[in-house]
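Undergrad: Here is a sequence with its predicted model. Questions after.
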Amino acid sequence: MGGWQRRPGSKLVAYEEELLAFAMRYPGAWIDHPWGENVVKVKKKVFVFAGIPSDKLTISVKLPDSRFEALLLPFAEPTGYGLGKSGWVTATFPEGQDPPMGLLSRWIDESYRAVAPKTLLKTLPAEGPGVGKGGAPAAKKTGVKQAAKKKAARRRKA
């Protein structure tokens with residue numbers, strides 16, 4: 001998985017950044033760069049590998065529940081380095097092929113839930129943070145709860 005390259009302006013870079021941003025919405029998630037690649041971890045465990053080697057976007061995630069269905073897809077294969085035996089799947093998308101972002105978001109959710117500590121899993125909603133209908137990344141709803149609380153407080157005062 002080494003040899004990651006980034007070409008500014010590439011559509012693949014935008015997809016990679018979107019997937020990494022989605023993964024970062026999870027409690028305790030942080031980005032690390034071992035071996036010169038992007039990974040997202042929770043505690044000290046990786047739940048997403050992402051990069052662009054040789055003009056291809058690759059993402060690897062742990063799929064304990066859906067790996068067999070995932071491996072039926074033409075862009076998916078067991079992750080190398082023996083990780084495939086543990087349920088890891090790698091999806092590869094060449095330049096010009098749009099990745100199925102909703103599906104990849106659901107995979108990131110499953111991967112996070114497979115490796116995160118139970119204490120963090122208890123804080124998650126049933127569908128994971130930012131997963132909208134169909135599993136697509138939902139728009140951030142920052143401040144929605146605060147706005148609703150303020151509105152309720154104004155009503156009580158009136």
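TA: That came through, no problem. Numbers count the residues shown, from 1 in each chain.
Undergrad: Going by C-alpha atoms from here, please, whenever you check contacts or count neighbours.
TA: OK.
Undergrad: which helices and strands sit right next to the host helix or strand of Asp109?
TA: Remark: Asp109 resides in helix 101-115, with elements defined by DSSP states H and E. On a contact count with 3 or more C-alpha pairs under 8 Å, 6 or more residues apart in numbering; DSSP states H and E, helix 101-115 meets helix 11-23, strand 45-51, strand 56-62.
Undergrad: which residues are contacting the longest one?
TA: If you take C-alpha atoms under 8 Å, 6 or more residues apart in numbering as the criterion, helix 11-23 is touched by 6-7, 29, 40, 48, 50-52, 55-57, 95, 99, 101, 104-105, 108-109, 130, 137.
Undergrad: okay, the helices and strands packed on helix 101-115, which one's buried deepest?
TA: strand 56-62 (a mean of 25; mean count of other C-alpha atoms under 10 Å).
Undergrad: So which elements touch the following helix or strand past it?
TA: Once the chain leaves strand 56-62, the next helix or strand it forms, by DSSP H and E, is helix 67-70. When contacts are defined as 3+ C-alpha pairs under 8 Å, 6+ apart, helix 67-70 sits against strand 88-94.
Undergrad: Listing partners with orientation, what would you give for the strand it packs on?
TA: In the sheet, strand 88-94 lines up against strand 56-62 (antiparallel), strand 76-78 (antiparallel) (DSSP bridges).
Undergrad: Leu73 looks like it's in a helix, true?
TA: No. Using DSSP: H, G, I helix; E, B strand; the rest coil, the assignment for Leu73 is coil, not a helix.
Undergrad: that older thread, now render the helices and strands packed on helix 101-115 as a markdown table, adding distance to Leu83 and mean pLDDT.
TA: Shown next, in a markdown table, are these (distance: least, C-alpha to C-alpha, whole Å; pLDDT from 0 to 100):
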| stretch | distance to Leu83 | mean pLDDT |
| --- | --- | --- |
| helix 11-23 | 20 | 95 |
| strand 45-51 | 12 | 96 |
| strand 56-62 | 9 | 96 |
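Undergrad: So for Glu77, which of the ones you listed sits nearest?
TA: Nearest to Glu77 among the helices and strands packed on helix 101-115 is strand 56-62; the distance by C-alpha to C-alpha comes to 9.4 Å.
Undergrad: got a list of contacts for that closest one?
TA: Here strand 56-62 has contacts from 12-13, 16, 47-52, 79, 86-95, 107-108, 110-111, 114, using C-alpha under 8 Å, 6+ apart.
Undergrad: Check the burial of Phe68 by counting its neighbours.
TA: Using other C-alpha atoms under 10 Å, Phe68 has 14 other residues around it.
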